[in-house]
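>>> Below: sequence and its predicted model.
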Amino acid sequence: MTTRRAVLQGPFGAMTIHEADGVLVRLDWRDDPGEGSALLDEALHQLAAYFDRRLIAFDLPFDWGQGIHAQVRRAMAAIPFGETRTYGEIARAIGAPAQAVGQACGANPLPILIPCHRVLGRATLGGFSAPGGVETKVALLRHEGAAGLLI
């Protein structure tokens, strides 16, 4: 498996995007430059456009994972820009327990690109893997103009 990576300096600091065999596999919250690729260049371009409010949906090849992780990631990717869903809503949509959905959200290797920040608890914000945790999640939701936040 050939892996490559590229770094974007974004509003929340450095983000390293990893590609393996023609699909994006991970986004880390650190500065870890490496050998890039055309796919990584496009991913950086789309992320920059997202942060500049010029892009509301990513069009990139992802490693969706398998089983419930793939189902949850695809459900998260289907949440429109500026909207949110609860863990329970996703659980009902895919026929899985809400706790399993929460665990799959927490294991999302491609935050922002696969928008786990758009998934909330019924009465809480839930968690988020980025530096700053929930505060970063709220900043992303505000960036998207998400209505009805519990903040």
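Received the coordinates, thanks. Predicted model only: the values in this text are computed from it and were never measured.
>>> Every contact and neighbour count from this point should use C-alpha atoms.
Fine.
>>> can you pull out the strands in this protein?
3-10, 13-20, 23-28, 85-86, 119-120 (DSSP state E).
>>> now, of these, which is deepest in the fold?
strand 119-120 (a mean of 24; mean count of other CA atoms under 10 Å).
>>> of all the strands of the chain, which lies closest to His69?
Among the strands of the chain, strand 23-28 comes nearest to His69, with 13.2 Å by CA to CA.
>>> Does the closest one pack against any helices or strands, and if so which?
Where contact means 3 or more CA pairs under 8 Å, 6 or more residues apart in numbering; DSSP states H and E, strand 23-28 is packed against strand 13-20.
>>> Would you mind giving the strands of the chain as CSV with mean pLDDT and distance to Ser129 added?
Formatted as CSV, the strands of the chain follow (pLDDT from 0 to 100; distance: least, CA to CA, whole Å):
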stretch, mean pLDDT, distance to Ser129
strand 3-10, 95, 16
strand 13-20, 96, 12
strand 23-28, 96, 9
strand 85-86, 94, 17
strand 119-120, 93, 13
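>>> measure the closest residue to Glu144 other than its chain neighbours to Val25 for me?
Nearest residue to Glu144, sequence neighbours excluded (CA to CA, 6 or more residues apart in numbering): Gly82, at 4.6 Å. Noted for Gly82: a distance of 24 Å to Val25, by CA to CA, to the nearest Å.
>>> ok, now Asp63?
5 Å.
>>> what do you get for Ala77?
Distance, Ala77 to Val25, by CA to CA: 15 Å.
>>> Report pLDDT for the residue nearest to Glu144.
Note on Gly82: pLDDT of 93.
>>> Tell me which other helices or strands the longest helix anywhere in the chain touches.
As assigned by DSSP state H, the longest helix anywhere in the chain is helix 38-51. Packing contacts for helix 38-51, counted by 3+ CA pairs under 8 Å, 6+ apart, involve strand 3-10, strand 13-20.
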